[in-house]
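Enquirer: Task: produce atomic coordinates for the following.
(chains A and B)
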Amino acid sequence: MLDLLNNFQLNSLMFLIPSLFMFCCGVYGFLTRRNMIAMLISLELMLNSVDMNFVVFNRFLCPGEMEGMFFTLFAIAIAAAETAVAIAIIINAYRIAKDIDVKDLTKMKF
Amino acid sequence: MESLLSIMIYVVVALSIMIFSVLAVTTRKILRSATFLLFALFGTAAVYFMLGYQFLGGVQIAVYAGGIVVLFVFSILLTSHPGDNSSKLESKKKALGLIGAIAMFVVCAWSLISRCSLIKTLPDLGEAELPTMSQIGNDLLSSGSNGYLLPFEAISVLLLACIIGGIVVARKK
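Expert: Numbering: from 1, shown residues only, chains lettered A, B, ... in the order given. Okay, the predicted model is just below:
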């Protein structure tokens, strides 16, 4: 046990596996949730895990460069814009259908 | 070798990311789901701080935790009764989602682990090699070989379009 502690070193897999787990949680939520805001929350989880991967690959594979960091910076900005527009659409859909359950949003079907 | 404290910090951060992301997609109260998302985002910011990207961690907390989660909470309060439980999932749908997510996790984890060249220990860097604030600022606004002026301007146009689009879509008729 003490030996294990002495040999402990952070490697890239220790960050990639939690990030992968977070992405799979997002996939599960996106497939099973019915509420539109809950689906958007799952989408945020997926986006966030991808951001984390960019940073981890940047730090472990090419430290000293900043490409991954800037990618994450721009991805965060785009995620914010996307969430704002999506929430505007959801509020508009709520005005029309009085509900944001995806089962009930069938007005545009013909 | 790392000190015992950094091992403990790593374990706490990794576990909290995983636990809170599971809770965010399984809890049936939508407001709680937004709160758990907030904690998962804080865990990600802690990872950025651990890897030495302080500016990115600050941006993550300011934009995600400060902006997006507040937006989520407001829209939840506008569109649903916060105390309500969402309807129970059909077990077939739940099983299908679980199978899809677990299959994806297994395939991706196996392909990650089998590529040993990806597994690298944290390279030791001096303070000088991690990006400093002035370096980030210069790169963000330079048009040189590793400058990011064009995406920076494109993002500003995108944000403007997003502001106008949000107003147009959500305004009262």
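Enquirer: The residue of chain B found nearest chain A and B:K120, how far apart?
Expert: The minimum distance from chain B to chain A, using Cβ to the nearest Cβ, falls at B:V25 (3.2 Å). Backbone N, C-alpha and C define where each C-beta goes, glycine included. Applying Cβ to Cβ, to the nearest Å, the value for B:V25 to B:K120 is 31 Å.
Enquirer: looking at the chain, which helix or strand does the model trust least?
Expert: No chain specified, so I'll use chain A. Here the helix or strand of chain A ranked lowest by mean pLDDT, DSSP states H and E is helix A:2-6, holding a mean of 68.
Enquirer: my question was about chain B
Expert: Between all helices and strands in chain B, the lowest mean by mean pLDDT, DSSP H and E belongs to helix B:133-140, at a mean of 87.
Enquirer: Only the buried residues of that helix, if you could.
Expert: B:136, B:139-140 (16 or more other Cβ atoms under 10 Å in any protein chain shown).
Enquirer: same check, this time on stretch B:37-50
Expert: B:37-50.
Enquirer: repeat for stretch B:104-113
Expert: B:105, B:108-109.
Enquirer: Give me the contact list for that stretch.
Expert: When contacts are defined by Cβ atoms under 8 Å, 6 or more residues apart in numbering or on different chains, stretch B:104-113 is touched by residues A:13, A:16-17, A:20-21, A:23-24, A:27, B:118-119.
Enquirer: Next step: these restricted to helices.
Expert: With helices taken from DSSP state H, the overlap with the contacts of stretch B:104-113 comprises A:13, A:16-17, A:20-21, A:23-24, A:27.
Enquirer: and chain B, which of those contact it?
Expert: Cross-checking the ones in helices among the contacts of stretch B:104-113 against chain B (Cβ under 8 Å from any Cβ of the partner chain) gives A:13, A:16-17, A:20-21, A:23-24, A:27 as the overlapping residues.
Enquirer: Could you identify the buried members of those?
Expert: Buried among these by 16+ other Cβ under 10 Å: A:13, A:16-17, A:20-21, A:23-24, A:27.
Enquirer: between the helix or strand where A:T72 lies and helix B:133-140, how big is the angle?
Expert: Using DSSP states H and E, the element containing A:T72 is helix A:67-97. The directions of helix A:67-97 and helix B:133-140 differ by 70 degrees, with axes from the mean of the first three to the mean of the last three Cα atoms, to 10 degrees as the criterion.
Enquirer: For chain B, which segments count as strands?
Expert: Counting by DSSP state E, chain B has no strands to list.
Enquirer: Which parts of it belong to which domain?
Expert: Chain B breaks down into these structural domains: B:1-88, B:89-118, B:131-173 (assignment by automatic domain parsing).
Enquirer: Pick the most deeply packed of those.
Expert: domain B:1-88 (a mean of 18; mean count of other Cβ atoms under 10 Å in any protein chain shown).
Enquirer: quick revisit: tell me which of the domains of chain B lies nearest to A:L31.
Expert: Nearest to A:L31 among the domains of chain B is domain B:89-118; the distance by Cβ to Cβ comes to 3.9 Å.
Enquirer: I'd like the mean pLDDT over the closest one, please.
Expert: For domain B:89-118, mean pLDDT is 86.
Enquirer: CA atoms only for stretch A:55-63 - export them in PDB, please.
Expert: The C-alpha coordinates for stretch A:55-63 follow below in PDB (Å, rounded to 0.1, in the frame of the first residue of the first chain):
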ATOM      1  CA  VAL A  55      -6.900  20.700 -22.000                       C
ATOM      2  CA  VAL A  56      -5.600  17.300 -20.800                       C
ATOM      3  CA  PHE A  57      -4.100  16.400 -24.300                       C
ATOM      4  CA  ASN A  58      -2.500  19.900 -24.500                       C
ATOM      5  CA  ARG A  59      -0.900  19.600 -21.000                       C
ATOM      6  CA  PHE A  60       0.300  16.000 -21.300                       C
ATOM      7  CA  LEU A  61       1.300  15.600 -25.000                       C
ATOM      8  CA  CYS A  62       2.600  19.100 -26.000                       C
ATOM      9  CA  PRO A  63       3.200  21.200 -22.900                       C
END
